[in-house]
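Trainee: 3D model of this:
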Amino acid sequence: SMYKVHDSQCIQLFGFKTAFGGGRSTGFGLIYENLDKMKKFEPKYRLKRAGLGAEKAGAGRRSKKDTKNRRKKVRGKEKTKAAGGKK
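Mentor: Predicted structure coming up:
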C-alpha cells in the first residue's frame with residue numbers, strides 16, 4: 001500500500017523481533033521488481049520459505065545411515081542387495 005508493487009510475491013519480509021511488552025514488532029523487508037530478480041539475489045533458504053525454492057532430491061540423512069549400517073553387516077555380493085541396488 002505504501003509502495004507501488006505489482007506482485008505481492010515480490011515482497012520478502014524477514015528478521016522480525018518483538019518489542020518488550022508486545023504490541024509492536026520490527027523487521028526487515030525487501031521489494032523486488034519481478035520474480036526473476038528475486039530468484040537471482042535472494043538466498044536459497046529465503047526462497048524456500050516463500051515457497052519458490054526447489055525441493056531437495058535424494059535420500060534423507062537417516063535413510064543413508066540405515067543403508068550404510070545394513071551394508072556393514074553383510075559381505076561380498078550381498079552388499080549390493082543390502083544397499084537396495086539392482087536384483
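Trainee: Just want the most central residue of this structure.
Mentor: In the chain, the centroid-proximal residue (Cα atoms, centre = their mean) is residue 48; its distance is 4.3 Å.
Trainee: Check which helix or strand that residue maps to.
Mentor: Taking DSSP states H and E as the criterion, residue 48 maps to helix 44-50.
Trainee: For that helix, which helices and strands make contact with it?
Mentor: If contacts are counted by 3 or more Cβ pairs under 8 Å, 6 or more residues apart in numbering; DSSP states H and E, helix 44-50 sits against strand 11-18. For glycine as for every other residue, the C-beta is placed from the backbone atoms N, C-alpha and C.
Trainee: Go through the strand it packs on and flag the buried ones.
Mentor: For strand 11-18, burial by neighbour count (16 or more other Cβ atoms under 10 Å) applies to residue 12.
Trainee: How about stretch 35-44?
Mentor: 38, 42.
Trainee: Now do the residue nearest to residue 32 when sequence neighbours are not counted, the pLDDT please.
Mentor: Spatial nearest neighbour of residue 32, chain neighbours left out: residue 38 (4.0 Å); criterion: Cβ to Cβ, 6 or more residues apart in numbering. Looking at residue 38, its pLDDT is 91.
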